[in-house]
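K.L.:
no sequence on hand, only this structure:
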């Protein structure tokens with residue numbers, strides 16, 4: 001059984017994510033620092049909370065640096081806010097992001113209703129580990145006010161179309177990100193979580 005950890009920013013209920021992982025036969029711990037021994041095969045940064053408090057909870061609660069902890073060895077899945085923290089900065093806050101992926105996070109345009117909430121289809125651009133078995137056009141559930149703006153489009157595995165293209169799935173090395181919530185996206189989301197857990201077992 002693969003053992004993974006969900007980082008808890010202290011901002012909300014992460015039960016649905018934990019439950020979804022356990023239904024895929026994962027052993028799941030909820031952690032608040034990276035100071036434990038490296039006993040996990042994967043880390044999940046959930047999509048609950050606001051940018052600055054979430055970043056502070058990672059950088060101030062742990063003596064161990066996040067990048068040193070995961071390096072290139074531990075797969076990390078960032079969901080919504082969790083994905084946004086991969087980048088260097090966000091318009092939602094003033095704190096520096098984790099900086100593991102080049103780029104920034106910007107607010108959705110005022111031509112849209114913000115926050116954007118609801119189901120949207122994926123436009124798959126290229127092969128992605130966590131999208132294996134997911135059909136182009138599959139529907140997933142979004143709740144967000146910001147979007148990623150990577151320095152390179154090469155890391156974008158899938159977009160969502162809101163009149164503008166919003167990066168929906170990103171993948172770079174051992175970092176995987178979804179702007180939507182796979183734990184709230186039914187059968188399609190379960191496939192993605194299963195794919196991530198399979199990657200954690202390698």
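P.N.:
Ah, there it is. For clarity, every value in this text was computed on a predicted model and none was experimentally measured. Numbering: from 1, shown residues only.
K.L.:
contact partners of the lowest-mean-pLDDT helix or strand in the chain?
P.N.:
Within the chain, judged by mean pLDDT, DSSP states H and E, the helix or strand with the poorest mean is helix 66-70; its value is a mean of 89. For helix 66-70, contacts defined as C-beta atoms under 8 Å, 6 or more residues apart in numbering pick out 34, 38, 43, 58-59, 62, 76, 98-100, 174. Yep, even glycine has a C-beta here, placed from its N, CA and C like the rest.
K.L.:
what do you get for stretch 182-199?
P.N.:
2, 4, 16-17, 19-21, 23-26, 42, 75, 77, 79, 129-134, 138-141, 176, 178, 180-181.
K.L.:
which helix runs longest in the protein?
P.N.:
For the chain, the helix with the greatest residue count under DSSP state H is helix 186-200.
K.L.:
and it, which residues are buried?
P.N.:
Going by neighbour count (16 or more other C-beta atoms under 10 Å), the buried part of helix 186-200 is 188-189, 191-197, 199-200.
K.L.:
for the chain, just list every one of the helices.
P.N.:
15-23, 51-61, 66-70, 81-84, 186-200.
K.L.:
identify the residues contacting residue 200.
P.N.:
Contacts for residue 200 (C-beta under 8 Å, 6+ apart) come out as 2, 4, 41-42, 75.
K.L.:
which of those are buried? Put it as a PyMOL command.
P.N.:
Typed into PyMOL, the line below selects the buried ones among the contacts of residue 200, using 16+ other C-beta under 10 Å:
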select buried, resi 2+4+41+42+75
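K.L.:
which two from the contacts of residue 200 end up farthest apart in space?
P.N.:
By the measure C-beta to C-beta, 2 and 75 form the most distant pair in the contacts of residue 200, at 10.1 Å.
K.L.:
what's the overlap in contacts for the two?
P.N.:
With C-beta under 8 Å, 6+ apart as the test, residue 2 and residue 75 both reach 41-42, 200.
K.L.:
list the contacts for the residue nearest to residue 117 when sequence neighbours are not counted?
P.N.:
With sequence-adjacent residues excluded and distances taken as C-beta to C-beta, 6 or more residues apart in numbering, residue 117 is closest to residue 143, at 4.9 Å. Listed by C-beta under 8 Å, 6+ apart, the contact set of residue 143 reads 47, 80, 115-117, 181.
K.L.:
residue 158 too?
P.N.:
So residue 158 contacts 122-125, 128, 131, 167-169 (C-beta under 8 Å, 6+ apart).
K.L.:
relative to residue 25, how far out is it?
P.N.:
Distance, residue 158 to residue 25, by C-beta to C-beta, to the nearest Å: 26 Å.
K.L.:
can you check residue 199 too?
P.N.:
Residue 199 is 15 Å from residue 25, by C-beta to C-beta.
K.L.:
specify the beta-bridge partners of the residue positioned nearest the centre of the chain.
P.N.:
Closest to where the C-alpha atoms of the chain average out (C-alpha atoms, centre = their mean) is residue 78, at 1.8 Å. Beta bridges link residue 78 to residue 45, residue 177, judged by DSSP bridges.
K.L.:
cool, and residue 156?
P.N.:
Beta-bridge partners recorded for residue 156 (DSSP bridges): residue 170.
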